[in-house]
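In: Sequence first, then the predicted structure, then my questions.
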There are 2 protein chains.
Amino acid sequence: MTIPKDDNPLENKSLYGVSPALADEIESALNSNNFTIVQGLIEGLHAADVADLMKGLSADHRRVFIEAIKTTLDPEILAELEDTIRKDALEVLDTQEIAEAVSDLESDDALDLIEDLEEDQKQEVLSAIPAVERAILEEVMTYPEESAGRLMQREMVCVPTFWTVTEAIAFIRSNEELPENFYTIYVVDPRHHPIGEIPLSKLLQYKGDKAVSDIMNTDLHQIPVTKDQEEVAALFQHYGLVSAPVVDPSGRIVGMITVDDVVSVIEEEAEEDIMLMAKVSESDFNAPVLTASYMRIRWLVITLVNTLLAAFVISQFQDSIKKITALSFLMTINAAMGGNAGMQVVTIVVRALATRSLREGDTWRAITKEILVGFVTGSFFSFILGGIAILWLQDIHLGIILSTAIICNILWAAFAGTLFPIIIHKMGLDPALSAGPLLTTTTDVLGYAVFLGLATAFLM
Amino acid sequence: MTIPKDDNPLENKSLYGVSPALADEIESALNSNNFTIVQGLIEGLHAADVADLMKGLSADHRRVFIEAIKTTLDPEILAELEDTIRKDALEVLDTQEIAEAVSDLESDDALDLIEDLEEDQKQEVLSAIPAVERAILEEVMTYPEESAGRLMQREMVCVPTFWTVTEAIAFIRSNEELPENFYTIYVVDPRHHPIGEIPLSKLLQYKGDKAVSDIMNTDLHQIPVTKDQEEVAALFQHYGLVSAPVVDPSGRIVGMITVDDVVSVIEEEAEEDIMLMAKVSESDFNAPVLTASYMRIRWLVITLVNTLLAAFVISQFQDSIKKITALSFLMTINAAMGGNAGMQVVTIVVRALATRSLREGDTWRAITKEILVGFVTGSFFSFILGGIAILWLQDIHLGIILSTAIICNILWAAFAGTLFPIIIHKMGLDPALSAGPLLTTTTDVLGYAVFLGLATAFLM
């Protein structure tokens, strides 16, 4: 059921979420502490919409909201919440309430919830849930974070090679423990190694007496259970997969990953790159002011070191600046051009690494190309800005020095902007880390040093 | 079939792509112009892997490669190529060869291909393909770019309400024109309006005599055919959908979108944000040097204007800098802190808008919060950097002026960094546009003006 929003035609309506009118009604019910009205208003809403609604509430309202709905709480709502909001929500619930939510959820969502708890509460919750579910959760927790094992679902349909289409369909029909969503069944050998897959749409197209081994697709993409989720997402994107089997080190099938699990990974990984490049540790949009400030300050400390270094370099040329004060503003032009050109290069290279457009062995080709691009770009701006300096200051020497410094700095930006992410990637770190701080420190320091150095050498 | 790569255990292997050894073999076959060997080597490879391989070739090798495989060309390979590489590939093929590829491909891929052609070749190709397919392509071209209509597939399974499960399955079994992948069938009324959906996994769970109308899910998320693809992706992510029906303005079902179509949109949109924020128009990693240079220069012109403005502001304070040359390096500290703090704010706000964490009506709350964060962050750095300046230069006045300027600039960055993306979003433009240029121009100009202005007012 979609919530009616306004009188606009379908085209202008948002495809999802709650209407501002409903949000207002809920806020006023929260103001008057009327729990029954709140419960009534959110009845029938999708968990994702309730989570969305909670994002829009103030921290105080959010507490009251959880109090209001906790007796009828749909655990899916907790699963849909962002980390920072979920932590707030969990504080309102007691151990028993959290344990119930955990045992209702699918294992990946249950785990997210448990991992948001403090260590001692985590133990309490784990001991309050049924033994079977606890065992499953504890097994999943043995897989590395962000691995295929954490992403997969354990429920799936596996059939032996000698079955027919009719037998497979009858099995699905009689099986009570089916996954909520599945698009593919797996054909396994007696040791439970996957040897083929049949999409449901294909299963439906064959006559009943056909053997599953005759119609299965043997071109399987098996995923080791410890594989990093980013690799898994790349695999799905590369081949346009809908689901893939996950195997343990002995080759036994232990679960499957479906494309809808992968969607959130892709979003997460791109988000991570964006945040790292802008020097924000994570999206703190819903974090409290002090937490957000702390996260921002941590990264800005790098800028602080960077800018102090640059300031120190400039301070070495005080005498030159005193003689020709025009140096004080021309030098900022050179630093800015180098920094921005470098940011472009780094971004392109970081994304090329993330999307696997840039492979090992391509390093020198990439650097050569970027240096050529840097040469064209640098020559262009060197000419323009040198010309502007000459016209502005009526001083041909300053113009030539600025021109030379600009082309040097942009060439350096091209070289270092390509090499830094590749080296950081080879070290096993996230190349997006290198984007801002490292590179701009060098373009700033070099930018000031080369320009002021040339000016001092030739004009003093 | 996966290509064996090395002797490492499964865990260390790449999950996809071709081995460097195979790539080397192909390169040497290309060097000796041996087309038969090239054809043999790529036989059985997935189109995505061949496309991947082509990315790694030099421009010249790529031409030879296309020549070598064009007689046996799998059109899917063209569909998998990146834009810049595909354009090169299409130049090697003649109109008839392109027309054959276009008619073999599904409509969305066919369209991508056609849109890479020059206008006159586009017309030639269109007239060379069969009338029915041409009509479909021409209809799809009437939908706006990046709309649901471009993303959807027209092939799907629709059944009337009065059918039973047996009838639906029999229909699927006898239908020759089924989509390659589908996970859901749609139940439609006599006017062909969708009124329910049944996932295949659910269809398989019911006895044959059950009516489809009894088991269908009526909680449909209908997508208008002109809806923007970004909204569609957000809808899929929000509700975790696997497929959704697309309807025309009269409410008739015209196609369906499946989650695998959405995966590439999510990737594209995140990529777009990253590229825009770093002031690169698109990933030009595989573009020729001159094209890449042109794209970079276009954006760097903004930096040029920005930095000239800042330089002009500084030039107005020549006399002050001549008297106290320390101003020339302290001023860069202030500009850098403001610019970087602003970049953090903008990134958080742009992503909050993209992921719909920030809704209309939240503007003032967001600004208030960011100003508070700016106040905490600004006070911290104001204190530290003011202290450093005092110790370094043994001048308490300069330290106090730097402190004041830093807090002003970071507060401005918080305010403008929140407001700019929101205003640009309200104007219907991409908020990521505002990230770098606009904001850093203001933090630079203000940073220099406030610091040098205060110094001039109080110290001269």
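Out: Received, thanks.

In: part of a helix, is A:Ala79?
Out: Yes. Counting by DSSP: H, G, I helix; E, B strand; the rest coil, A:Ala79 falls inside a helix.

In: Now that it has come up, it's in contact with A:Ile114, right?
Out: No. In this structure, A:Ala79 is not within contact of A:Ile114 by C-beta atoms under 8 Å, at 11.6 Å. Glycine gets a C-beta too; all of them are placed from N, C-alpha and C.

In: roughly how far apart are the closest residue to A:Thr442 other than its chain neighbours and chain B?
Out: Nearest residue to A:Thr442, sequence neighbours excluded (C-beta to C-beta, 6 or more residues apart in numbering or on different chains): A:Ala416, at 5.8 Å. Here A:Ala416 is placed at a distance of 16 Å from chain B (C-beta to the nearest C-beta, to the nearest Å).

In: what's the answer for A:Met295, then?
Out: According to C-beta to the nearest C-beta, A:Met295 and chain B sit 9 Å apart.

In: cool, and A:Thr355?
Out: 8 Å.

In: Quick check: phi and psi on that residue?
Out: phi -90, psi 10 (degrees, to the nearest 10).

In: Quick one: neighbours of it, just the number.
Out: 17 (other C-beta atoms under 10 Å in any protein chain shown).

In: and if you look at A:Glu180?
Out: Neighbour number of A:Glu180 under other C-beta under 10 Å is 10.

In: Pass me the low-pLDDT residue ranges in chain A, would you?
Out: A:1-13, A:281-283, A:434-436 (pLDDT under 70).

In: What is the burial count for the residue nearest to A:Thr442?
Out: 23.

In: Pretty sure it sits against A:Ala341.
Out: No. Judged on C-beta under 8 Å, A:Ala416 makes no contact with A:Ala341 at a distance of 10.8 Å.

In: Common neighbours of those two, please.
Out: A:Thr443 (C-beta atoms under 8 Å, 6 or more residues apart in numbering or on different chains).

In: and A:Ala287, what is it in contact with?
Out: By C-beta under 8 Å, 6+ apart, the residues touching A:Ala287 are A:Thr84, A:Met295.

In: what kind of secondary structure is A:Glu176 in?
Out: Applying three-state DSSP: A:Glu176 is coil.

In: Could you check how many residues crowd around it?
Out: With other C-beta under 10 Å as criterion, A:Glu176 counts 5.

In: What are the phi and psi values at it?
Out: The phi and psi torsions at A:Glu176 (degrees, to the nearest 10) take the values phi -90, psi -20.

In: Please report how far it lies from A:Glu27.
Out: 42 Å (C-beta to C-beta, to the nearest Å).

In: show me where chain A has strands.
Out: With DSSP state E as the criterion, chain A has strands at A:158-160, A:184-188, A:194-199, A:223-224, A:243-247, A:253-258.

In: got those as JSON lines, with mean neighbour count and distance to A:Glu269 columns?
Out: Formatted as JSON lines, those follow (neighbours: other C-beta atoms under 10 Å in any protein chain shown; distance: least, C-beta to C-beta, whole Å):
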{"stretch": "strand A:158-160", "mean neighbour count": "17", "distance to A:Glu269": "30"}
{"stretch": "strand A:184-188", "mean neighbour count": "23", "distance to A:Glu269": "24"}
{"stretch": "strand A:194-199", "mean neighbour count": "21", "distance to A:Glu269": "26"}
{"stretch": "strand A:223-224", "mean neighbour count": "24", "distance to A:Glu269": "16"}
{"stretch": "strand A:243-247", "mean neighbour count": "25", "distance to A:Glu269": "18"}
{"stretch": "strand A:253-258", "mean neighbour count": "23", "distance to A:Glu269": "15"}
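
In: B:Gln205: which of these is closest?
Out: Nearest to B:Gln205, of all these, is strand A:184-188, at 13.0 Å by C-beta to C-beta.

In: what's that closest one packed up against?
Out: strand A:158-160, strand A:194-199, helix A:200-203, strand A:253-258 (3 or more C-beta pairs under 8 Å, 6 or more residues apart in numbering or on different chains; DSSP states H and E).

In: please redo it, this time with the cut-off set to 7 Å
Out: The contact analysis (3 or more C-beta pairs under 7 Å, 6 or more residues apart in numbering or on different chains; DSSP states H and E) places strand A:184-188 against strand A:158-160, strand A:194-199.

In: partners of that strand in the sheet?
Out: strand A:158-160 (parallel), strand A:194-199 (antiparallel) (DSSP bridges).

In: Distance to A:Thr226 for those strands - can I get that in JSON lines?
Out: Shown next, in JSON lines, are those (distance: least, C-beta to C-beta, whole Å):
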{"stretch": "strand A:158-160", "distance to A:Thr226": "21"}
{"stretch": "strand A:194-199", "distance to A:Thr226": "17"}
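
In: list the contacts for A:Ala47?
Out: Counting by C-beta atoms under 7 Å, 6 or more residues apart in numbering or on different chains, A:Ala47 touches A:Asp74, A:Glu76, A:Ile77, A:Glu80.
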